[in-house]
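Engineer: structure for the following, please:
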Amino acid sequence: LQLVESGGALVQPGGSLRLSCAVSGSTLDHYAITWFRQAPGKEHEAVSCISGRGESMDYGRTTKGRFIISRDDAKNTVYLQMSDLRLEDTAVYYCAAEPLRCYSDHTLYDFWGQGTQVTVSS
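Structural biologist: This next block holds a predicted model:
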């Protein structure tokens, strides 16, 4: 299974971005895909997950209501739509895959993308 993130960029506070996680090697109904982020000097933080059944879960206390996870089965791609971005959203964003179920613990995930940098700055 391979995951490739894209869409990271430099954006001003209050702006929006959409991250993409393109998955190859399996269809999305077999895996839960979770977006994590890691800021410098900090641990991985779970943001949002979409299960193999297409059910979404929001883990981030500060991102609920601003970040929305979705997927396009035809493109085998999972998205993270981020709005009202804040300085503290600056991080490397990763997507990770685990069979079927969502977990917020990053150590349970076997498959990871390379990450995409999101920088929020004025």
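
Engineer: what pairs with the helix or strand encompassing residue 68, and is each one parallel or antiparallel?
Structural biologist: Secondary structure assignment for residue 68, by DSSP states H and E: strand 67-72. When pairing is defined by DSSP bridges, strand 67-72 lines up against strand 77-82 (antiparallel).

Engineer: pull out the buried positions in the partner strand.
Structural biologist: 77, 78, 79, 80, 82 (16 or more other CB atoms under 10 Å). No exception for glycine: its C-beta is placed from N, CA and C like everyone else's.

Engineer: following that strand, which helix or strand comes up?
Structural biologist: Immediately after strand 77-82, counting by DSSP H and E, sits strand 91-99.

Engineer: sheet partners, orientation included, of that following strand?
Structural biologist: When sheet partners are counted by DSSP bridges, strand 91-99 sits next to strand 31-38 (antiparallel), strand 111-112 (antiparallel), strand 116-120 (antiparallel).
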